[in-house]
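Q: coordinates only, sequence not included:
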RNA sequence: GCCCUCAUAGCACAGCGGUAGUGCAGCAGUUUUGUAAACUGAAGGUCGGGAGUUCAAAUCUCUCUGGGGGCACCA
């Protein structure tokens, strides 16, 4: 029999008969290891203990102590155990697929009746029974015809379709958990009892299209989460509760920032507190862009169809546009306009006014552009996905050889803005030429290289996403990471030679001839609405002092001091601090509690002693204690803090 | 847009066939208070809109609108 040699993590080399399984290998090392083993890693691939190994390689035996391998197997086995439980309870349910995902797994079922929350509890109980039965897991490779015949006989049409979609040269692997059987590429645990019986929970039911295709039937997806221990599961559930506490929709209500109502779905009614955040952020961005050589413009929100036809949006983006028909008095037919979904065509119109010289380039044209997009109703989500929003948009008109330096300049600005706003880490993704594209290969080569060189020059880490660029040019996406580790794609940078072409933008070069400029679409925040949502969640409502809508509440302890309280408020306002008085007939405890819940960063309490000494008692949000300080010192300190990061 | 689900006072919720309740907020009074909820009182709701079933609907059915969880979408 042929021999193979396997290398172990400690560097040891051992020789085995070809076809040896990882279980055999584990047994050959130590019976105790064989008992603890859950899977193996062979040349980086996660393999089942039962699979035969035919070639040399580097092997490691995994146990429950191996984080990634254990979690993957637990979650994957639970997907199958759940599917088995469902079919044991409702034999007519059709099974589809059930992958591991995020902190758990899901499995999609086809069933006429919807699953209810009560059903989930019943399924969970059945799953625990299956786990406690410690049913052995076994696997076999079947040939295609046998597998298809088997599933046709069982009445599992989705499995038949799945097999037909698997490339012909791939082996079809069958798994059994006890008597229940499923098609699966594996690997799996050795028996169901290896799954921690108290480390999982079924979370919710949701609709999901078969194969992710909205023209195919909608299935019922059950989501579950799973961990190695009950403690890990509980920690995860607590984390979810904590995340819910920073939901911007909840905080928006509690802090009186904004509201939505059904007459204007997907559009924000900003309250005074929320609008202060918005204007503060916009003022900041305006200064930063001005400092980086941008000019600011403002363009119409309602524009005739002609422009959208010329820009290509009418053909490619119409279903996302709000169309406005107007009966004009003298017109033969109705005028058809659209609310702008993007600012770029309007910016080209501004560029096209007057003849431009190469000396005018690069021309960095910014607009806090109010856009409207008809987002599908199911996509709307608080401030994060709205139908009316304002972008921190700009278009840089430039020559081809300016692309690289403009890219580097933009990344530097973006990094500085993110840092000022409290986000220290972000990732760059470079999306390159897609299959369907316009433009020459040489041009794509040049522009892609310009972007990559620019990123390298700034030194920030990046990844390449092949084929994900726009049809007209490559793009950069910038994803920042928030305080609880979630990623948000905010910044974007796209190279576009297409729109200047369509809208006939040109400039006079040094050679006195007309040339076509490039257009760089770019945004740092994305939309103010969404970014403010992200800020609220990142800081759990406790915004940095300069962004906080209410910065200071000056609270009287006794009504005799109201005069001094009002005086302090006035002095704070005079030095640029957003201050308000609380002279209500309430105890100081009550006031402190209320304003703390309202996320006011600083409370200044005033009592008789403070008036006497011209001091204030300063308490910061989250602090247990207050400090008594001279008024003059506090005024100075808070005035400094109230300045935006770029003004310090 | 699709599946499931929800909609009761400003907010958080209870009521689930006999015609609406609790807490907090708000209002009025008492209290002058030292760092996360003082006390008392009187108010406050066409139970999301419309239709139907019923002697009777917040409660059951249908439908529309909006929200939530997902899926699809995000040139």
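A: Noted; the coordinates are in hand. All values derive from a computational prediction rather than experimental measurement.

Q: so residue A:332 is in which element?
A: Residue A:332 belongs to no helix or strand when assigned by DSSP states H and E.

Q: got the phi/psi numbers for it?
A: Here is the backbone geometry of residue A:332 (degrees, to the nearest 10): phi -70, psi -40.

Q: for residue A:61, what are its contacts?
A: For residue A:61, the contacting residues are A:22, A:25-26, A:29, A:33, A:37, A:40, by CB atoms under 8 Å, 6 or more residues apart in numbering. Glycine gets a C-beta too; all of them are placed from N, C-alpha and C.

Q: can you do 6 Å?
A: With contact taken as CB atoms under 6 Å, 6 or more residues apart in numbering, residue A:61 is in contact with A:26, A:37, A:40.

Q: got JSON lines for the residues you listed, with pLDDT, neighbour count and distance to residue A:131 too?
A: Output for those, formatted as JSON lines (pLDDT from 0 to 100; neighbours: other CB atoms under 10 Å; distance: CB to CB, whole Å):
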{"residue": "A:26", "pLDDT": "93", "neighbour count": "23", "distance to residue A:131": "22"}
{"residue": "A:37", "pLDDT": "92", "neighbour count": "23", "distance to residue A:131": "18"}
{"residue": "A:40", "pLDDT": "94", "neighbour count": "24", "distance to residue A:131": "23"}
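
Q: now those in CSV, with distance to residue A:271 and secondary structure?
A: Below are the contacts of residue A:61 laid out as CSV (distance: CB to CB, whole Å; DSSP: H, G, I helix; E, B strand; the rest coil):
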residue, distance to residue A:271, secondary structure
A:26, 63, helix
A:37, 60, strand
A:40, 59, strand
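
Q: which of those residues are close to RNA strand B?
A: Applying CB under 7 Å from any atom of the strand to those, one finds that nothing falls near RNA strand B.

Q: which one among those residues gets closest to residue A:307?
A: Nearest to residue A:307 among these: residue A:40, at 61.9 Å, using CB to CB.

Q: who's in contact with the closest residue to residue A:185 other than its chain neighbours?
A: Ranked by CB to CB, 6 or more residues apart in numbering and with sequence neighbours excluded, the top spatial neighbour of residue A:185 is residue A:173, at 5.9 Å. Residue A:173 makes contacts with A:139, A:141, A:185-186, as judged by CB under 6 Å, 6+ apart.

Q: and with 10 Å instead?
A: Counting by CB atoms under 10 Å, 6 or more residues apart in numbering, residue A:173 makes contact with A:48, A:51, A:139-142, A:147, A:182-188.

Q: Can you turn the buried part of the residues you listed into a PyMOL selection?
A: Here is the PyMOL command that selects only those of these that count as buried (16 or more other CB atoms under 10 Å):
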select buried, chain A and resi 48+51+139+142+147+182+183+184+186+187+188
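
Q: could the contacts of residue A:173 be laid out in CSV, adding distance to residue A:291, pLDDT and secondary structure?
A: Below are those laid out as CSV (distance: CB to CB, whole Å; pLDDT from 0 to 100; DSSP: H, G, I helix; E, B strand; the rest coil):
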residue, distance to residue A:291, pLDDT, secondary structure
A:48, 59, 94, coil
A:51, 61, 93, coil
A:139, 63, 93, strand
A:140, 67, 92, strand
A:141, 65, 91, strand
A:142, 67, 92, strand
A:147, 65, 93, helix
A:182, 60, 93, strand
A:183, 60, 93, strand
A:184, 57, 92, coil
A:185, 54, 88, coil
A:186, 57, 84, coil
A:187, 56, 93, coil
A:188, 58, 94, coil
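
Q: Wait, residue A:44 touches residue A:68, no?
A: No: look at residue A:44 against residue A:68 with CB atoms under 10 Å: they stay out of range, at 11.9 Å.

Q: And the residue of the stretch 351-500 of chain A that's closest to RNA strand B?
A: residue A:378 (1.7 Å; CB to the nearest atom of the strand).

Q: Can you give me every residue that contacts that residue?
A: Residues counted as contacts of residue A:378 (CB under 10 Å, 6+ apart) are residue A:385.

Q: Tell me the secondary structure at it.
A: Following DSSP: H, G, I helix; E, B strand; the rest coil, residue A:378 is assigned to helix.

Q: Check residue A:134 too.
A: In the three-state summary, residue A:134 is assigned as coil, counting by three-state DSSP.

Q: for the nearest residue to it once chain neighbours are set aside, what are its contacts?
A: Leaving aside its sequence neighbours, residue A:134 sits nearest to residue A:193 (CB to CB, 6+ apart; 3.2 Å). Residues in contact with residue A:193 (CB under 10 Å, 6+ apart) are A:130-136.

Q: switch to 8 Å and redo it
A: Here residue A:193 is in contact with A:131-135 (criterion: CB under 8 Å, 6+ apart).

Q: what does the stretch 201-350 of chain A have sitting close to RNA strand B?
A: Counting by CB under 7 Å from any atom of the strand, the stretch 201-350 of chain A comes close to RNA strand B at A:204-209, A:212-214, A:218, A:220-221, A:249, A:253, A:260, A:262, A:265-266, A:311-313, A:316-317, A:342, A:344.
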